[in-house]
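>>> Sequence and predicted structure below; questions after.
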Amino acid sequence: MIEVRDIRKRFGDTEVLKGISTSFRQGVTSLIIGQSGAGKTVFLKSLVGLHGIDQGEIFYDDRQLGKMNEDEQKALRTEMGMVFQGNALFDSLNIEENVIFALNMFSDMSAAEKKERADFCLERVNLKGVNHRKPAELSGGMKKRVAIARAIALNPKYLFCDEPNSGLDPRTAILIDNLLKEITDEFNITTVINTHDMNSVVEIGEHIIFIKDGAKAWEGGGDEILHTDNKAVTDFVFSSELFRKIREKS
Amino acid sequence: MGVQNYFYFSDMFLIAWIRTLGRYWLMLSRTFRKPENWNEYKKSFFRDLDHLGADSLGIVAVISIFVGAVVTIQTNYNLQDPLIPDYYVALAVRESIILEFSPTIVSLILAGKVGSNIASTLGSMRVSEQIDALEVMGVNPYAYLIMPKVVALVLFNPILIIISMFLGVIGGYLAAYFGIFSTQDFVTGLQLEFNAYYVSYALIKTVVFAFLITSISAFYGFFVKGGAIEVGVNATKAVVSSSVAIIVANYVLTQILLV
């Protein structure tokens, strides 16, 4: 479980995070939604420690992020997997090397065991026969799946995804969403996903946090978001014609 | 008002400069840490040795041969005097190549080639979040990305420079052979009053220059903010800053080691 208490973050004169508190439970797919520029990415990067916070506390199963020494932080990082918006695959390495990168760094596995693990992770994301190709040779959806395979290679306890289906066609986006949900259930991971895609919310959202202008404007379950009276949420959720029609029909 | 503005801007410049220097030292302190896995760092080191060192052999060879030849022709032209024996030309060429051309000029050329390569590679990794990905995995990105580059160039640059010295002299010999004066005189001049310390002095400079090229270029690449345009801008800054650093360090080292 990850617990966040009143975190604040400022860039110069602009307060980007304005005292957000929440918690993310194990085995649950949590979604952070909000408009572009609402502070979702800063929130996610603060959560994993890529951005320092100005105020507040972040706990990973009772381990406070800002209070750990370097070794403890490294140990925690090996329990994390992250899928970046632009995939962040290492261009100079092939797909298999990308997937086993963290294993090479931190595990004592033999080469055969690492190869087996890479094959397992790639098969888990429905990719076969791409082990020796370079990231530049793959499509956007395939790269995203490799990024997920890399994120789960070390059996993470916490999985973070920043806009995992941005730039993908609707069908591939749904495949990626479902894959993340399946992995969360299968490996009992604490998964936090940043998105502004309402399809993802409907498809896999179990726990949703709506961020507006750097503050938490709403929090609830996936089935509650379509029926809430919160104006900020309804303005966001029903901004598309499709969702307005769904609301009218229901 | 004008004087106040002058002090305001000079203060701002000074503060920005001190801040940059502080960030550079911080980067170095995070770079030279114990690797998470020696084998992975070793692989990275050999990759960098190939990219940054061995790949520079061609350009260093071509430049050294031709500059050696040109230095010989120009020195011979300027020493046209019946009282000065021809072999003094070779002595002057040897000293020019060992003391200045090979260590300093070749390092300046490498600052352009290697420096822009390092800055743009790291800059691209920064803007495509690959450096963030390393950090999230628990890998120290400073050590993993910068240390092998620094070590590779610090070890390989002296080899490059020795090759450059050798080829520079060969270039001079060829210039003599193709009609300036007797190659016998050239060989005699090369052996005249040879001071081995000059080679040590050149190699010490080379090691320092290699460190400056890699660390300064890495600094500009690692902290890129923005996109492709900023990567290009920072690659240019890396080349300019490491070239200036080489020139200043050359003066300081010459004062310390030769005077």
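Received, thanks.
>>> When you work out contacts or count neighbours from here on, use the C-alpha atoms and nothing else.
Will do.
>>> So which residues on chain A come close to chain B?
Chain A has residues A:48-50, A:73-78, A:80-82, A:84, A:86-90, A:102, A:104-106 near chain B, with proximity defined as Cα under 8 Å from any Cα of the partner chain.
>>> can you rerun that using 6 Å?
Within reach of chain B by Cα under 6 Å from any Cα of the partner chain, chain A has these residues: A:Lys74, A:Arg77, A:Thr78, A:Ala88, A:Met105.
>>> any idea which residue sits dead centre in chain A?
Centroid-nearest residue in chain A, with Cα atoms, centre = their mean: A:Cys161, separated by 1.8 Å.
>>> hang on, that one is in a strand, isn't it?
Yes. Under DSSP: H, G, I helix; E, B strand; the rest coil, A:Cys161 sits within a strand.
>>> now it, which residues is it bridged with?
Beta-bridge partners recorded for A:Cys161 (DSSP bridges): A:Val83, A:Ile193.
>>> Show the contacting residues for it.
A:Met82, A:Val83, A:Ile193 (Cα atoms under 6 Å, 6 or more residues apart in numbering or on different chains).
>>> how far away is it from A:Ile33?
12 Å (Cα to Cα, to the nearest Å).
>>> which helices and strands does the helix or strand containing A:Val16 pack with?
Under the criterion of DSSP states H and E, A:Val16 resides in strand A:14-24. Judged by 3 or more Cα pairs under 6 Å, 6 or more residues apart in numbering or on different chains; DSSP states H and E, the packing partners of strand A:14-24 are strand A:2-11, strand A:215-221.
>>> Adding mean neighbour count, write those strands out as TSV.
Formatted as TSV, the helices and strands packed on strand A:14-24 follow (neighbours: other Cα atoms under 10 Å in any protein chain shown):
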stretch	mean neighbour count
strand A:2-11	18
strand A:215-221	18
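>>> Redo the ones you listed as JSON lines? Include mean pLDDT.
Listed next are the helices and strands packed on strand A:14-24 as JSON lines, based on pLDDT from 0 to 100:
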{"stretch": "strand A:2-11", "mean pLDDT": "94"}
{"stretch": "strand A:215-221", "mean pLDDT": "92"}
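>>> Can you tell me which of the ones you listed is nearest to B:Ile246?
strand A:2-11 (35.5 Å; Cα to Cα).
>>> what's in contact with that closest one?
A:16-24, A:53-60.
>>> Just the buried residues of stretch B:94-113, please?
Residues B:94-99, B:101-113 are the ones in stretch B:94-113 that count as buried (16 or more other Cα atoms under 10 Å in any protein chain shown).
>>> same deal with stretch B:154-171?
Buried residues in stretch B:154-171 (16+ other Cα under 10 Å): B:154-171.
>>> How far does it sit from its chain's centre?
In terms of Cα atoms, centre = their mean, to the nearest Å, the centre of stretch B:154-171 is found 12 Å from the chain centre.
>>> same question, stretch B:68-75
Put simply, stretch B:68-75 sits 23 Å off its chain's centre (Cα atoms, centre = their mean).
>>> Name the residues that touch that stretch?
In contact with stretch B:68-75 (Cα under 6 Å, 6+ apart) are residues B:Val93, B:Gly168, B:Val169, B:Gly171, B:Gly172, B:Ala175.
>>> how about a cut-off of 8 Å?
B:89-90, B:92-93, B:97, B:167-176, B:180 (Cα atoms under 8 Å, 6 or more residues apart in numbering or on different chains).
>>> Buried residues in it, which are they?
By neighbour count with 16+ other Cα under 10 Å, stretch B:68-75 contains the buried residues B:Gly68, B:Ala69, B:Val70, B:Val71, B:Thr72, B:Ile73, B:Thr75.
>>> Stretch B:204-216 too?
B:Lys205, B:Thr206, B:Val207, B:Val208, B:Phe209, B:Ala210, B:Phe211, B:Leu212, B:Ile213, B:Thr214, B:Ser215, B:Ile216.
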